[in-house]
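Engineer: fold the following, please.
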Amino acid sequence: MAAFNVTTASRVIGGSAMLAALATKAARRLRLSRAKHPSLAGHSRMARRVAALIPFYSYDEDRFFECDGAPSAIAARRRAGFTRLSHYYGAHFASTNALTAETSPAVSDLQFTAAYRVPFQFSRLVQRSLPTGAFLAESSGVTVTDLDGNVFHDLTGSYGVNLFGHDFYKACIARGADRVQQLGAVLGGYHPVVAENVARLRALSGLDEVSFHMSGTEAVMQAVRLARYHTGRSHLVRFCGAYHGWWGDVQPGIGNPTPAHDTYTLSEMSARTLEVLRTRTDIACVLVNPLQALHPNSGAPSDGTLVDSGRKAGLDRAGYTTWLQQLRQVCDARGIVLIFDEVFTGFRLARRGAAEYFGVQPDLVTYGKSLGGGLPVGVLCGRASLMRRFRDDHPADICFARGTFNSHPYVMGAMAEFLDHLEAPATRAMYDDLDQVWDDRAALLNRRLVEAGVPVRVANLSSIWTVCYTAPSRYNWMLQYYLRAAGLALSWVGTGRLIFSLDYTDADFAVVCDKFVEAARTMQADGWWWWNDDITNRSIRRGILREMITNRGGRKSG
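Structural biologist: Numbers count the residues shown, from 1 in each chain. A predicted model of the protein is given here:
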């Protein structure tokens, strides 16, 4: 009997322990789930499943102009405006569009960007009637010129590369090449200019060591690898909506053919996220893209996803600073590596980047884009204890990373020219009131838009801008085509992101203001922003959902 009682007691204790372990695991899992953002962008696996269910369908010409239920008179105005734009594009962009059409079948990038400039329901007619050329002939000052001789004020920012202006980067590349021409394209050994660049990057980053890579994506990959190597932990934390390159672990949802297994996508500026960081033991690092301060928990804005007027943006610098300070404290307490991904924002917000702008020092920081002086580069700076790629006591245990073109002499020469400029007294002085200059310019454009009576506003993080819309509409994406016709060059994401180079003068900006407001007025006159009290962002989304359900059966037109 005693043995039976002991056995029974052991089983009860064992069962209780198992239940306690399961309860603890369930609590941890629930805590993790609650720290995710409620949007699809915060639930990568669900986003992949939903994406797989969305059918392609295309509006016919009638539906194209009245999918929001507009009366026939408004649809006729839209059709007339669309036809005028189409004729304008055909007459003014003929050579540029012809070469783009000839080249696109052999360049997958051009096929992708053409298909996703606007919501897919509208894409076929837009591609046929408003083709957007991909070729440019020259640049000068704050403008670019296409193959037809059209001069545009450049709002593309060369995807963030163009910080100081086209003429500056031309000179950077030329002078950088002169610096290293005696060595040429010798790889493996370093040109002495590398030593100069390293010293200045250490001073700028406030960190101990530097490694060079060929792209920002590669630099972020190495930062995460080193964090995992030194912490012995598996998982990285990225925040909802943030972009860190196109490799799998940082793109765990749509866009990645296979799901990421060692990534947590959590909500930014969230107490629940901080609690996850405090309690889990498998987190190696946290990735922060400072650009998200403009639109926390939202993905990179693109007109291809602009199905209504729900896009929101706005900088709360004090709030984001507090968030980063809290994040820094938790990472310190838990031995988690804090990484700033400054591939896009580096040197744009402040001379020493986001660390200076927000007053928070990361453990590792990645740079790219502008730092190469116009040539491709990725750079990782970090604390010495995290940058080491081998262990003294275990010589076979290494964290390998190399690249044939890392520290290419011509890239290093152009980088040296960029860093020279960054240290110049005039450049340092420019940074003193940089935020005020661009905040004032955004406020000026917003005043002009209010006076014009158009439902358009801009939000900005210094010289990085996005366009928001104040009235519900399915046609906001059309603004990009009116802006191009007015002489403003946009990247393929349209009005989602405008990037100004810092050489824009007040006079240059005044021209942009005039063109922008006139384009918006013309678009409004053409009826694209018609709406009534029955139309809301919610009703628009519900209508699109009904269309998708209807077209799941295979219909290909709206």
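Engineer: how about stretch 88-99: buried residues?
Structural biologist: Residues of stretch 88-99 classed as buried: 89, 92-93, 95-97 (neighbour count, 16 or more other Cβ atoms under 10 Å). For glycine as for every other residue, the C-beta is placed from the backbone atoms N, C-alpha and C.
Engineer: residue 417 - that's part of a helix, no?
Structural biologist: Yes. Checked against DSSP: H, G, I helix; E, B strand; the rest coil, residue 417 lies within a helix.
Engineer: after the helix or strand harbouring residue 457, which helix or strand is next? Please name it.
Structural biologist: Counting by DSSP states H and E, the element that carries residue 457 is strand 456-461. Using DSSP H and E, the helix or strand that directly follows strand 456-461 along the chain is strand 464-469.
Engineer: any weak-confidence spans in this structure?
Structural biologist: Within the chain, the stretches with pLDDT under 70 are 1-17, 19-22, 24, 553-558.
Engineer: and the most centrally placed residue in it, which helix or strand is it part of?
Structural biologist: Centroid check for the chain by Cα atoms, centre = their mean gives residue 300 as the closest residue, at 4.5 Å. Counting by DSSP H and E, no helix or strand carries residue 300.
Engineer: likewise for residue 51?
Structural biologist: helix 44-53.
Engineer: try residue 491
Structural biologist: Per DSSP H and E, there is no helix or strand for residue 491.
Engineer: what sits against it?
Structural biologist: Listed by Cβ atoms under 8 Å, 6 or more residues apart in numbering, the contact partners of residue 491 are 155-157, 159, 497, 499.
Engineer: report the two of those separated the most.
Structural biologist: Between any two of the contacts of residue 491, the greatest separation by Cβ to Cβ is 11.9 Å, found for 155 and 159.
Engineer: list residues touching both of those two?
Structural biologist: Taking Cβ under 8 Å, 6+ apart as the contact rule, residue 155 and residue 159 both touch 491, 499.
Engineer: those two: who's more crowded?
Structural biologist: The neighbour comparison of residue 155 against residue 159 (other Cβ atoms under 10 Å) goes to residue 155, with 22 against 13.
Engineer: now the more buried one: closest residue in space, sequence neighbours ignored.
Structural biologist: Leaving out its chain neighbours, the residue that sits closest to residue 155 by Cβ to Cβ, 6 or more residues apart in numbering is residue 498, at 4.4 Å.
Engineer: now that neighbour: how far from residue 187?
Structural biologist: Remark: distance between residue 498 and residue 187 (Cβ to Cβ, to the nearest Å) = 38 Å.
Engineer: circling back: and the residue nearest to residue 155, bridged to which residues?
Structural biologist: residue 465 (DSSP bridges).
Engineer: close enough to count as contact, it and residue 462?
Structural biologist: No. Here residue 498 does not reach residue 462: they are 12.0 Å apart, not a contact under Cβ atoms under 8 Å.
Engineer: between these two, which one's more packed in?
Structural biologist: Remark: of residue 498 and residue 462, residue 498 carries more neighbours, 24 against 21, as counted by other Cβ under 10 Å.
Engineer: residues contacting the more buried one?
Structural biologist: Counting by Cβ under 8 Å, 6+ apart, residue 498 touches 155, 157, 458, 464-467, 490.
Engineer: ok, now residue 83?
Structural biologist: Residues in contact with residue 83 (Cβ under 8 Å, 6+ apart): none are found.
Engineer: secondary structure element for it, which one?
Structural biologist: Applying DSSP H and E, one finds residue 83 within helix 72-92.
Engineer: so the helix or strand just after that helix versus helix 72-92, what angle?
Structural biologist: Using DSSP H and E, the helix or strand that follows helix 72-92 towards the C-terminus is helix 94-103. With axes from the mean of the first three to the mean of the last three Cα atoms, to 10 degrees defining the directions, helix 94-103 sits at 90 degrees from helix 72-92.
Engineer: pretty sure residue 86 contacts residue 131?
Structural biologist: No. Residue 86 is beyond contact range of residue 131, at 9.3 Å (criterion: Cβ under 8 Å).
Engineer: may I see the buried residues of stretch 88-99 organised as JSON lines, with distance to residue 39 added?
Structural biologist: Listed next are the buried residues of stretch 88-99 as JSON lines, based on distance: Cβ to Cβ, whole Å:
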{"residue": "89", "distance to residue 39": "35"}
{"residue": "92", "distance to residue 39": "40"}
{"residue": "93", "distance to residue 39": "37"}
{"residue": "95", "distance to residue 39": "43"}
{"residue": "96", "distance to residue 39": "38"}
{"residue": "97", "distance to residue 39": "37"}
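Engineer: list the buried residues of the helix holding residue 83.
Structural biologist: Quick answer for helix 72-92 (16+ other Cβ under 10 Å): 74-75, 77-79, 81-82, 85-86, 89, 92.
Engineer: from residue 340, how far off is the spatially closest residue to residue 389 that is not a sequence neighbour?
Structural biologist: Of all residues not flanking residue 389 in the chain, residue 399 sits nearest, at 4.6 Å (Cβ to Cβ, 6+ apart). Computed as Cβ to Cβ, the residue 399 to residue 340 distance reads 20 Å.
Engineer: alright, calling it a day.
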